[in-house]
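Peer 1: The following block contains a protein sequence and its predicted model.
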Amino acid sequence: MPSLELAPASPSREAFARDYLCSRKPGLFPVSPDLAHLRGLWTDEHLTAAAGEAQLEVEQRRSAGEGFGKGHRVPLSFGETLRRMAAGDASLYLTTQAVGMAADGHPDLYASPIAELAGDIPLVPHIMGKLVPQQINIWMGAAQDGSSTGLHTDFHDNLYVLLRGRKRFRLYPPQLASKMYTVGKVERVHPNGRIVFKGQGDVLPDGSDAGEARQYLARHDAEQELAAAEAAVAQGLPGAAKRLKAAEEQLDEVLEAALGDDFDALDDFDAMEEAVPPPRPAAAGDPDSFCRVDLNLTDAQLKKKFPQFPGKAAALECIVDAGQMLYLPAGWFHEVTSYATEGCPTHLALNYWYHPPDNLKDAAAALEQPYTSDFWPAVWEGRRAEYEARHRQQQQVKQPDSQLQGQEPEAEAAQTKSKKGKGGSKAAGKQAAAGKQAAVAADSKAGKRKKQSQAADSKKRKAA
């Protein structure tokens, strides 16, 4: 069985993009400098003090021989979870938590206990460059003899940071998807490894839905043009009033299209927002991305039951120890077995999921513009500041100066932007009058556009 070797050092952004991001190959590294402090910081005492009261849904297996990933969860506080695991309760496993829907119609980046611990961690570790984060999670258990997640694939690039214990990953590339006996039917495998299952719709290589991305970008561009047109009117530029009128009409058309036929009969947007959708039925069984293959079977049993499966010997094995991190591109199948180690009853990991990049022709492209579409960068542009406010203190204190070279400090950037916007004008009086006139003229349409925009967001949230 081939094994993934530990790199001698955490790579630079450029080396990471060239050797791993573009090649879509896993990589094992020493934990990066902006995450290294967590091994000493995240003691049970610190976690309890910072987030002990957070209410969670913790996975619980019914017997020692049962693997995790079966979906049986129990409500526990984080503090109680920590206490029980420290006492050796190996039946519990803290995994991903359900996240809410943000105001922009996209899922929140994290839930508790990450929400309470956000100040401890970087929002985007330096090595990941301009990849757009999808979710941040904590994984924790107390298995002494090893507990398995089962063989499955993920839809996002994964940076997995181990802080306690040991993990064994058995990996298979996404190109073997047709031989992995997944629960769902594989419809396509994109060149970047993103696997699409039947029934998931028109999913692009970056994981976005083609229709949603097209609609979002049309609205984003229309809103940007409207803002530029309003600024032109305020400055008294020639043709600005005509440009503003066209921009308003364009945004109205985009928002009307976003509402769709389902809302043609609804004139009362306030009533629509108060409507409660019927509950979605609970999914049964394992997700599409899980494999039916049981790696606990012998080679002979596997060959008989799953004749096309490449076998255990074909797996790329990776042993991750505390203080190391694994990069796993989207689509790679993996089975994870977790172990507590001597002197510590628990294993603990932090992971970041990222929307998979698809602009991978070379390292420079992957570094500066990792996506061929503007969709995820535009979504992130609209929500990043909200999250940065929660993580900023940690980033300023923990991130090494060498990693900040070439980056304009936030406060300095804000001052620069402010100075640029305070340029004098010989026609200040005329501009003020024009701006006031434009505001009055646009007031009624702005109210309608706001409700249309809220309605479009509401529709998307209810469909999610």
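Peer 2: Arrived safely, thanks for sending.
Peer 1: Low-confidence stretches in the stretch 51-200 of the chain?
Peer 2: Residue ranges of the stretch 51-200 of the chain with pLDDT under 70: 63-71.
Peer 1: can you pull out the helices in the stretch 101-250 of the chain?
Peer 2: Along the stretch 101-250 of the chain, counting by DSSP state H, counting those that start in this stretch, helices occupy 114-117, 210-234, 240-259.
Peer 1: Let me have the ones you listed in TSV, extended by mean neighbour count.
Peer 2: (Each C-beta comes from the backbone N, C-alpha and C, glycine too.) TSV is the format used below for those (neighbours: other Cβ atoms under 10 Å):
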stretch	mean neighbour count
helix 114-117	19
helix 210-234	18
helix 240-259	17
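Peer 1: of all the ones you listed, which lies closest to A7?
Peer 2: With respect to A7, and counting by Cβ to Cβ, the nearest of the helices of the stretch 101-250 of the chain is helix 114-117 at 26.9 Å.
Peer 1: on that earlier part again, hey, least reliable of the helices of the stretch 101-250 of the chain by pLDDT?
Peer 2: Comparing mean pLDDT across those, the weakest is helix 240-259, with a mean of 87.
Peer 1: tell me the angle of it relative to helix 210-234?
Peer 2: Between helix 240-259 and helix 210-234, the angle comes out at 160 degrees (axes from the mean of the first three to the mean of the last three Cα atoms, to 10 degrees).
Peer 1: From the contact counts, what lies against helix 240-259?
Peer 2: helix 210-234, helix 428-463 (3 or more Cβ pairs under 8 Å, 6 or more residues apart in numbering; DSSP states H and E).
Peer 1: before we move on, back to that, show me the one of the helices of the stretch 101-250 of the chain that comes nearest L297.
Peer 2: Comparing those by Cβ to Cβ, helix 114-117 comes nearest, at 35.8 Å.
Peer 1: Give me the residues contacting that closest one.
Peer 2: W42, L47, A50, A51, A54, I121, I136, N137, I138 (Cβ atoms under 8 Å, 6 or more residues apart in numbering).
Peer 1: now do 6 Å
Peer 2: With Cβ atoms under 6 Å, 6 or more residues apart in numbering as the test, helix 114-117 has contacts from A50, A51, A54, I136.
Peer 1: Then stretch 346-361?
Peer 2: For stretch 346-361, contacts defined as Cβ under 6 Å, 6+ apart pick out 22, 85, 131-142, 156-165, 192, 194, 205-207, 330, 338, 340, 365-366, 369-372, 376.
Peer 1: what kind of secondary structure is D89 in?
Peer 2: Recorded secondary structure, D89: coil (DSSP: H, G, I helix; E, B strand; the rest coil).
Peer 1: count of residues packed around it?
Peer 2: Using other Cβ atoms under 10 Å, the number of residues around D89 comes to 15.
Peer 1: Any stretches of the stretch 201-350 of the chain with poor pLDDT?
Peer 2: In the stretch 201-350 of the chain, residues with pLDDT under 70: 260-285.
Peer 1: Quick check: the gap between G105 and R383.
Peer 2: According to Cβ to Cβ, to the nearest Å, G105 stands 11 Å off from R383.
Peer 1: try Y354
Peer 2: Taken as Cβ to Cβ, the span from Y354 to R383 is 15 Å.
Peer 1: which of these two has more neighbours?
Peer 2: More crowded of Y354 and R383, by other Cβ under 10 Å: Y354, with 25 against 16.
Peer 1: Could you tell me the phi and psi values at that one?
Peer 2: phi -130, psi 150 (degrees, to the nearest 10).
Peer 1: in the sheet, who's paired with M325?
Peer 2: F29, V161 (DSSP bridges).
Peer 1: Looks like it contacts D34 (just checking).
Peer 2: No: with contacts counted by Cβ atoms under 6 Å, M325 stays clear of D34, the gap being 11.1 Å.
Peer 1: More neighbours: these two, which one.
Peer 2: M325 (26 against 20).
Peer 1: residues near the nearest residue in space to Y352 that is not next to it in sequence, how many?
Peer 2: Distance criterion Cβ to Cβ, 6 or more residues apart in numbering; nearest residue to Y352, sequence neighbours excluded, is L159 at 4.5 Å. As a burial measure, L159 scores 24 neighbours (other Cβ under 10 Å).
Peer 1: how much space between L159 and D358?
Peer 2: 18 Å.
Peer 1: And I121, how far from P377?
Peer 2: Counting by Cβ to Cβ - I121 and P377 are separated by 22 Å.
Peer 1: And N192, by the same measure?
Peer 2: Counting by Cβ to Cβ, the separation of N192 from P377 is 16 Å.
Peer 1: the more surrounded of these two?
Peer 2: Legend: neighbour count by other Cβ under 10 Å for N192 and P377, higher for N192 (21 against 16).
Peer 1: What residues does that one make contact with?
Peer 2: N192 neighbours (Cβ under 6 Å, 6+ apart): P205, P356, D358.
Peer 1: What about the last one, how many residues nearby?
Peer 2: It stands for D358. 20.
Peer 1: For the nearest residue to it once chain neighbours are set aside, what are phi and psi?
Peer 2: The shortest distance from D358 to any non-neighbouring residue, by Cβ to Cβ, 6+ apart, is to P205 (3.8 Å). With angles defined as degrees, to the nearest 10, P205 sits at phi -60, psi -30.
Peer 1: from what I can see P205 touches R194, true?
Peer 2: Yes: under the criterion of Cβ under 6 Å, P205 makes contact with R194 at 5.3 Å.
Peer 1: neighbour-wise, which of the two wins?
Peer 2: Between P205 and R194, counted using other Cβ under 10 Å, the more crowded position is R194 (27 against 23).
Peer 1: isn't S10 right up against D34?
Peer 2: No: proximity of S10 to D34 does not meet the contact threshold set by Cβ under 6 Å, at 9.6 Å.
Peer 1: Just the buried residues of stretch 288-296, please?
Peer 2: Buried residues in stretch 288-296, defined by neighbour count with 16 or more other Cβ atoms under 10 Å: D288, S289, F290, C291, V293, D294, L295.
Peer 1: which SS class is the fifth one?
Peer 2: Translated: V293. V293 falls in the coil class when you classify it by three-state DSSP.
Peer 1: Pretty sure T153 is one of the things it touches, is it not?
Peer 2: No: shown here, V293 and T153 do not form a contact pair, counting by Cβ under 6 Å, at 11.9 Å.
Peer 1: excluding its backbone neighbours, what's nearest T372?
Peer 2: Closest to T372 by Cβ to Cβ, 6+ apart is N359, at 4.8 Å.
Peer 1: name the element that neighbour belongs to?
Peer 2: Element membership for N359 (DSSP states H and E) is empty, with no helix or strand holding it.
Peer 1: Compute the number of surrounding residues for it.
Peer 2: 18.
Peer 1: can you tell me how far it sits from Q369?
Peer 2: Noted for N359: a distance of 6 Å to Q369, by Cβ to Cβ.
Peer 1: How about C291?
Peer 2: Distance of C291 to Q369, computed by Cβ to Cβ: 34 Å.
Peer 1: Check T43 too.
Peer 2: T43 is 40 Å from Q369, by Cβ to Cβ.
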